[in-house]
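[1] test case, fold it:
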Amino acid sequence: MQEVFSPRQLVFEKILFWWLPIGLALLGALIGFGIFAAVPPVYEAEAEIHVAVDFSIIGLVTDIEQDQFIELVGDLIKSSLVVDQLREQNPLVSNETFWQMASLERRNMQWILKIRHADPSIAGEIVSTWQKIAFEAIQESHVHALVASSLSDYLDTLTKCLEQSVPQVPSNTACDSLSVLELQGQLEQTATGIQEELALSNGISPAISVSAFPESGMPPYRVSGSRTGYLLSGGGIGFILGVWIISFIQNKKLISFQFKN
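    Sure, this is the predicted structure:
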């Protein structure tokens with residue numbers, strides 16, 4: 001008797017073996033949970049430093065110049081000056097391993113400090129300390145930048161006084177109390193002071209201001225994968241595998257039927 005192909009039978013077999021995709025999905029979910037439990041967790045903690053530019057101090061600047069001001073803040077945040085202080089305060093930080101756990105990301109006018117660690121409390125502690133040290137270093141550098149700017153204005157005043165010491169130039173009563181030798185001495189002293197203050201400013205502009213947010217850092221969160229993600233991935237793979245097995249068996253029967261006929 002010749003075998004007759006029946007599409008209804010194929011549908012019936014799919015319904016009959018409904019348990020296979022469901023069972024493999026459950027098995028895949030269990031395997032996903034096992035992987036989740038076996039993989040060491042990694043947590044990430046973040047802290048932010050916001051940068052603002054005061055145009056009333058420096059006037060109008062180009063976008064490139066403003067970008068440079070912000071980039072110089074980032075250079076100071078990741079400088080050895082800051083990292084060395086962090087290493088002194090936290091024994092878990094070393095020059096060799098710090099940048100394996102740390103990263104610095106810029107978002108427009110913000111610098112995002114990130115620390116990854118298996119212990120969320122350690123990640124939070126390190127990023128908070130890093131933010132605090134970096135913020136204080138920026139503030140201190142900013143003070144030196146302001147002093148350098150003031151000395152530069154004073155240098156311009158002394159230069160004008162020296163020019164007015166020439167008889168042909170109208171005298172300024174503000175300069176009358178200083179002799180030429182005194183003016184030259186103060187010019188040299190002020191120029192030296194400017195160089196020293198600029199070196200201590202670490203390139204920070206006197207026109208910038210910074211704020212730390214939040215001051216204690218953000219709560220750490222897991223970045224090595226969520227439990228839900230592992231469960232859904234494992235369950236999805238198991239379900240697809242079950243459907244594929246049923247389709248494979250039915251396709252094999254269909255090919256066998258065509259071959260016989």
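
[2] phi, psi for residue 52 please.
    phi -130, psi 150 (degrees, to the nearest 10).

[3] SS state for the nearest residue in space to it that is not next to it in sequence?
    In this structure, residue 52 finds its nearest non-sequential neighbour in residue 209, 4.9 Å apart by Cβ to Cβ, 6 or more residues apart in numbering. (Each C-beta comes from the backbone N, C-alpha and C, glycine too.) When classified by DSSP: H, G, I helix; E, B strand; the rest coil, residue 209 comes out as strand.

[4] one more: the one 10 residues further on?
    Secondary structure, three-state DSSP: residue 219 is coil.

[5] residues in contact with it?
    45, 124 (Cβ atoms under 8 Å, 6 or more residues apart in numbering).

[6] measure the residue nearest to residue 52 to residue 146 for me?
    11 Å (Cβ to Cβ, to the nearest Å).

[7] what about the two, which has more around it?
    Between residue 209 and residue 146, residue 146 has the larger neighbour count (other Cβ atoms under 10 Å), namely 17 against 14.

[8] packing partners for the helix or strand where the more buried one lies?
    Per DSSP states H and E: residue 146 is located in helix 120-164. Applying 3 or more Cβ pairs under 8 Å, 6 or more residues apart in numbering; DSSP states H and E, one finds that helix 120-164 makes contact with strand 43-53, helix 63-77, helix 80-89, strand 110-117, helix 180-200, strand 208-213.

[9] CSV for these, including distance to residue 160?
    CSV is the format used below for the helices and strands packed on helix 120-164 (distance: least, Cβ to Cβ, whole Å):
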stretch, distance to residue 160
strand 43-53, 29
helix 63-77, 27
helix 80-89, 37
strand 110-117, 40
helix 180-200, 10
strand 208-213, 29
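
[10] columns distance to residue 124 and mean pLDDT on top of these, output as CSV?
    Below are the helices and strands packed on helix 120-164 laid out as CSV (distance: least, Cβ to Cβ, whole Å; pLDDT from 0 to 100):
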stretch, distance to residue 124, mean pLDDT
strand 43-53, 4, 93
helix 63-77, 18, 93
helix 80-89, 14, 92
strand 110-117, 8, 94
helix 180-200, 31, 89
strand 208-213, 15, 90
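
[11] and residue 247, which of those is closest to it?
    Across those, residue 247 has its closest neighbour in strand 43-53 (41.7 Å, Cβ to Cβ).

[12] just the C-alphas of the closest one, formatted as PDB.
    Taking Å, rounded to 0.1, in the frame of the first residue of the first chain, the C-alpha atoms of strand 43-53 are listed here in PDB:
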ATOM      1  CA  TYR A  43      30.600  46.000  39.400                       C
ATOM      2  CA  GLU A  44      31.100  49.500  38.100                       C
ATOM      3  CA  ALA A  45      30.900  52.700  40.100                       C
ATOM      4  CA  GLU A  46      30.700  56.200  38.600                       C
ATOM      5  CA  ALA A  47      31.300  59.700  39.700                       C
ATOM      6  CA  GLU A  48      31.100  63.000  37.700                       C
ATOM      7  CA  ILE A  49      33.000  66.200  37.500                       C
ATOM      8  CA  HIS A  50      31.200  69.000  35.700                       C
ATOM      9  CA  VAL A  51      33.100  71.800  33.900                       C
ATOM     10  CA  ALA A  52      31.800  75.300  33.200                       C
ATOM     11  CA  VAL A  53      33.500  78.200  31.400                       C
END
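
[13] so, low pLDDT: which residues of the stretch 101-250 of the chain?
    164-178, 215-218, 224-227, 249-250 (pLDDT under 70).

[14] try it again with 50
    Applying pLDDT under 50 to the stretch 101-250 of the chain flags residues 168-170.

[15] for the closest residue to residue 89 other than its chain neighbours, grab the count of nearby residues.
    Of all residues not flanking residue 89 in the chain, residue 129 sits nearest, at 5.8 Å (Cβ to Cβ, 6+ apart). As a burial measure, residue 129 scores 18 neighbours (other Cβ under 10 Å).
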